[in-house]
Structure formats: structure tokens, C-alpha cells
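> sequence below, structure please.
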Amino acid sequence: MVHVMEKIIGTRIDAQLATTLVTLAVSFVLAEQLYKFHSFTLETGAFLATWYVIRRAALFLTRRTG
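Predicted coordinates:
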């Protein structure tokens, strides 16, 4: 059973998780420094959009180079 789970999960999941966590941190710093909308909803939406774009770009670049 363990071998089946290792085959399903693989090492690619670990790389994606690392990419996701790094882009989360970068997006958080960018949002803290740049977004001052004085609205929690707008700032949260902008943060999530920034995280999505940066994460997709990072996954695209790691897929192309890896």
C-alpha cells in the first residue's frame, strides 16, 4: 500500500508544495508593501490574485526547466 501511495504522490508534489509556499511568502510581502486599499476584501482579493499569478508563473518556469 505504501508503494502505491508513493507512486501516486511522487516527488513532483513535493516540488509543487515548495513552489506554493515560496510564492505564498513572496505574495504576502508584496501585498503588505504595495496594497493599501483600506478594505480587507479588496486587499485579500488582490493578494490572492497576486499569489495565483506568481504561483502559475513559477510552476510554468519550473516545469519548463525541470
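
> which secondary element of the chain has the worst mean pLDDT?
helix 2-9 (a mean of 53; mean pLDDT, DSSP states H and E).

> what comes up buried for the longest helix seen in the chain?
With secondary structure taken from DSSP state H, the chain has its longest helix at helix 40-65. Using 16 or more other C-beta atoms under 10 Å as the test for burial, helix 40-65 gives 43, 46-47, 50-51, 54-55, 58. C-beta: built from backbone N, CA, C; applies to glycine.

> residue nearest the middle of this structure, spatially speaking?
Note on the chain: the residue nearest the mean C-alpha position is Thr20, at 3.1 Å, using C-alpha atoms, centre = their mean.

> beyond the least confident helix or strand of the chain, next helix or strand please.
As assigned by DSSP states H and E, the chain's next helix or strand after helix 2-9 is helix 12-34.

> show residues contacting that following helix.
Contacts to helix 12-34, defined as C-beta atoms under 8 Å, 6 or more residues apart in numbering, come from residues 43, 46-47, 50-51, 54-55, 58-59, 62, 66.

> how about it: buried residues?
Neighbour-count burial for helix 12-34 flags 19, 23, 27, 31 (criterion: 16+ other C-beta under 10 Å).
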